[in-house]
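Asks: For reference, the sequence and a predicted model appear below.
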Amino acid sequence: MTHQLRGILAMVAGTALFACGDVFAKMLTGDLPPLMIAWMRYVVFAALMVGFLIATRGSRGLVSQRPTLQLVRGLGMLGSALFFMSGLVFLPVADATAIFFILPILLTAFAVIFLSEVVGWRRWAAACVGFCGVLIVMRPGTDAFQVASLFPLLAAASWAMAATITRYVSTRDAPVTTLAWSALVGFGLASLAVPFFWVMPDARQLWIALAMGLVSSAGHGLVVLALRDASASLVAPYAYGQIVWAGALAFIAFGAIPDGYTILGAGVIAGAGIYISYRERRQSK
């Protein structure tokens, strides 16, 4: 098996696990507040990441050369989790996932604003098309529009901010150090607030939360492996499989079927994102 094929398979598996984690989170939204759900996910994520880092690199692996940026990045990751969990309270998993995938468009805009990258008209045109796909899913101005659909947008914006900062910290800190910082920052900040939203979970909810944390953490690990074995522009299009996984798993878990607008909008978003990745790959060559 080639490195590129291994990277692609890791990305496909990682996005499937992310979708599975979102379905588990959706199962908890009816009984637990979003902050508490995010906190429980971070408990598992932090325990796994810190344990792995210390086992492989020792305590020195936690030392960052860019601690302030790591703190801000961790805050962005936590914000993304909280916004997305809040959206899942009101939205089907497939709808929230489709809207969240405005992320590549935001990354393009952030690269221009914060990294001074030059983006050609083709990528801007693809970004505009992708935004139209988001509008198709959200349907603003109609009775189908929900204010809650803004939550996945805010989640994507927070993630885009964190991803942009990653460009700065990746030159000084190892990927596993960055992941550990994200886990610890998210866990620490959420722990400060969770007592104000505490609801005692029952045994079933704890098992679901454990499964959510495990599959989400494994998804992060697989994405790291994917980016290690293949270029980001090669594996990025396969991330859109998460929209398909989200729809399929939500149907199995809840019997929810995405409507035609969601399917059409998701297709437009995925097409635009894949084109942006294609242009980035051509430019890198």
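Replies: It's in. Numbering: from 1, shown residues only.
Asks: Let me see the contact set for Met212.
Replies: Going by C-beta atoms under 8 Å, 6 or more residues apart in numbering, Met212 touches 21, 24-25, 28, 37, 40-41, 44. All C-beta atoms are positioned from the backbone trio N, CA, C, and that covers glycine.
Asks: buried stuff in the helix or strand where it lies?
Replies: When elements are defined using DSSP states H and E, Met212 is found to belong to helix 203-229. The neighbour-count check on helix 203-229 (16 or more other C-beta atoms under 10 Å) flags 205, 208-209, 211-227, 229 as buried.
Asks: any idea how far the closest residue to Pro34 other than its chain neighbours is from Ile208?
Replies: What sits nearest to Pro34 in space, not counting adjacent residues and going by C-beta to C-beta, 6 or more residues apart in numbering, is Met85, at 3.7 Å. Distance from Met85 to Ile208, counting by C-beta to C-beta, to the nearest Å: 13 Å.
Asks: same check, this time on Pro175
Replies: Counting by C-beta to C-beta - Pro175 and Ile208 are separated by 29 Å.
Asks: cool, and Ser158?
Replies: 24 Å.
Asks: now swap in Arg139 and tell me
Replies: 31 Å.
Asks: If we go by neighbour counts, what in the host helix or strand of Cys20 is buried?
Replies: Following DSSP H and E, one finds Cys20 within helix 3-28. Of the residues in helix 3-28, 7-28 count as buried by neighbour count, 16+ other C-beta under 10 Å.
Asks: Report the rounded mean pLDDT for stretch 204-222.
Replies: With pLDDT averaged residue by residue, stretch 204-222 scores 92.
Asks: Restricting the selection to alpha carbons, write that stretch to PDB.
Replies: The C-alpha trace of stretch 204-222 is given here as PDB (Å, rounded to 0.1, in the frame of the first residue of the first chain):
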ATOM      1  CA  ARG A 204     -26.400   5.300  29.700                       C
ATOM      2  CA  GLN A 205     -25.300   8.900  29.100                       C
ATOM      3  CA  LEU A 206     -21.900   8.200  30.500                       C
ATOM      4  CA  TRP A 207     -21.400   5.300  28.200                       C
ATOM      5  CA  ILE A 208     -22.500   7.400  25.200                       C
ATOM      6  CA  ALA A 209     -20.200  10.200  26.300                       C
ATOM      7  CA  LEU A 210     -17.300   7.800  26.600                       C
ATOM      8  CA  ALA A 211     -18.000   6.400  23.100                       C
ATOM      9  CA  MET A 212     -18.200   9.900  21.700                       C
ATOM     10  CA  GLY A 213     -14.900  10.900  23.200                       C
ATOM     11  CA  LEU A 214     -13.100   7.700  22.000                       C
ATOM     12  CA  VAL A 215     -14.300   7.900  18.400                       C
ATOM     13  CA  SER A 216     -13.700  11.700  18.100                       C
ATOM     14  CA  SER A 217     -10.200  11.300  19.500                       C
ATOM     15  CA  ALA A 218      -9.500   8.400  17.200                       C
ATOM     16  CA  GLY A 219     -10.800  10.600  14.300                       C
ATOM     17  CA  HIS A 220      -8.300  13.300  15.200                       C
ATOM     18  CA  GLY A 221      -5.500  10.800  15.300                       C
ATOM     19  CA  LEU A 222      -6.400   9.400  11.900                       C
END
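Asks: Do a quick rundown of the helices in the stretch 151-285 of the chain.
Replies: Under the criterion DSSP state H, counting those that start in this stretch, the stretch 151-285 of the chain contains helices at 175-193, 203-229, 232-235, 241-254, 260-284.
Asks: Apart from its neighbours in sequence, what residue is nearest the most centrally placed residue in the chain?
Replies: When C-alpha atoms, centre = their mean is applied to the chain, the residue found nearest the centroid is Trp159 (6.7 Å). Nearest residue to Trp159, sequence neighbours excluded (C-beta to C-beta, 6+ apart): Ser80, at 4.2 Å.
Asks: I'd like the next helix or strand past the strand or helix carrying that neighbour.
Replies: According to DSSP H and E, Ser80 maps onto helix 67-90. Moving toward the C-terminus from helix 67-90, the next helix or strand (DSSP H and E) is helix 93-100.
Asks: and the next helix or strand after that following helix with helix 260-284, angle?
Replies: Elements were assigned by DSSP H and E; along the chain past helix 93-100, the next helix or strand is helix 103-115. If you take axes from the mean of the first three to the mean of the last three C-alpha atoms, to 10 degrees, helix 103-115 sits at 40 degrees to helix 260-284.
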